[in-house]
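In: The sequence and its predicted three-dimensional model are supplied below.
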Amino acid sequence: MPAAEQAIAAGVANARAGVDAAKVKIQENALARRALEKDVSAVDVRLARFDDHKAAVKTNQEYTALLHEISVAKGEKNAIEDKMLELMESAEGLAVEQKTAEGVLAAKSAEGDAARAALAADRATLDKELARLMHERTQEAKNVDAPLMAKYEQLLKQRKGIAIARMSGSEICEACHVRLRPHVAQQIRRNDSIATCDSCQRILYFEPPPAGVSA
């Protein structure tokens, strides 16, 4: 369940990252357009200054040079405005990208909410079943000798939650896969006393195969 919850959160986080990335692109686009607008304003100031200088021009050479400067400035302005147009067109695409990303986020969030609700219901069912089993375990433990119960609890900690294992028909501990000594195997086959594996120390039991099935 924790892994499933993490996967749900990761999916929503990825979708939200997509929205954030689209917003960043839109902000960068807007900043770039504002910068170009300032550049256009600067060129307009230059053009206005050139217009003011026309009256002061005295020679054809000066006038030709001024016209050249005006032509260059207008070329710069046109180039800047072309870039602004490109950014405006790009902004429309980015707006669509953001809207799409927001749709994905909304869908992922709804999907995540539904999945989390289902997990919560499963958790509640499992918690209830766990409580029932723990109660049964407590009742059963009352009938087990204290030293044996202590050994069992110790094995649970030492052997990763598996304190009891079955002996196979070939007299092998199915937990650690070590062959048992003959007299230990015989004791386990009787199932009338507590016997442990010499290798892993787990408590062993034997389950005879069904009639007609070879051990």
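Out: Structure's in. What do you need?

In: Can you give the domain ranges for the chain?
Out: Per automatic domain parsing, the structural domains of the chain span 2-139, 146-206.

In: Just the terminal-to-terminal distance for the first one.
Out: What that stands for is domain 2-139. 30 Å (CA to CA, to the nearest Å).

In: before we move on, back to that, tabulate the domains of the chain (TSV), appending mean pLDDT.
Out: Shown next, in TSV, are the domains of the chain (pLDDT from 0 to 100):
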stretch	mean pLDDT
domain 2-139	94
domain 146-206	92
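
In: Let's have the ones you listed in JSON lines, adding mean neighbour count.
Out: Where you see a C-beta, it was placed from the backbone N, CA and C, and this is true even at glycine. Putting these into JSON lines (neighbours: other CB atoms under 10 Å) gives the following:
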{"stretch": "domain 2-139", "mean neighbour count": "13"}
{"stretch": "domain 146-206", "mean neighbour count": "15"}
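
In: In this structure, where's the longest helix?
Out: helix 60-141 (DSSP state H).

In: who touches stretch 183-191?
Out: 167, 171, 180, 193, 195, 198, 204-206 (CB atoms under 8 Å, 6 or more residues apart in numbering).

In: circling back to that earlier point, counting by contacts, list what the longest helix of the chain packs against.
Out: Here helix 60-141 touches helix 2-54, going by 3 or more CB pairs under 8 Å, 6 or more residues apart in numbering; DSSP states H and E.

In: and with 10 Å instead?
Out: helix 2-54, helix 146-158 (3 or more CB pairs under 10 Å, 6 or more residues apart in numbering; DSSP states H and E).

In: quick one, the longest one and helix 60-141 angle?
Out: Okay, so that is helix 2-54. 170 degrees (axes from the mean of the first three to the mean of the last three CA atoms, to 10 degrees).

In: Ok, the shortest one next?
Out: Relative orientation of helix 146-158 and helix 60-141, computed by the same axes, to 10 degrees: 160 degrees.

In: contacting residues around I80?
Out: By CB atoms under 10 Å, 6 or more residues apart in numbering, I80 lies in contact with 35-40, 42-43.

In: between the residues you listed, which is nearest E111?
Out: Relative to E111, the closest of the contacts of I80 is A35; by CB to CB it sits at 40.3 Å.

In: any idea how far that closest one is from M84?
Out: 10 Å (CB to CB, to the nearest Å).

In: S199 now?
Out: 79 Å.

In: again, but for G93
Out: 15 Å.

In: same thing with R202?
Out: On the measure of CB to CB, R202 and M84 end up 77 Å apart.

In: ditto for V144
Out: For V144, the distance to M84 - CB to CB - is 83 Å.

In: How about G75?
Out: 15 Å.

In: so R179 bridges to which residues?
Out: According to DSSP bridges, the residues that bridge with R179 are I172.
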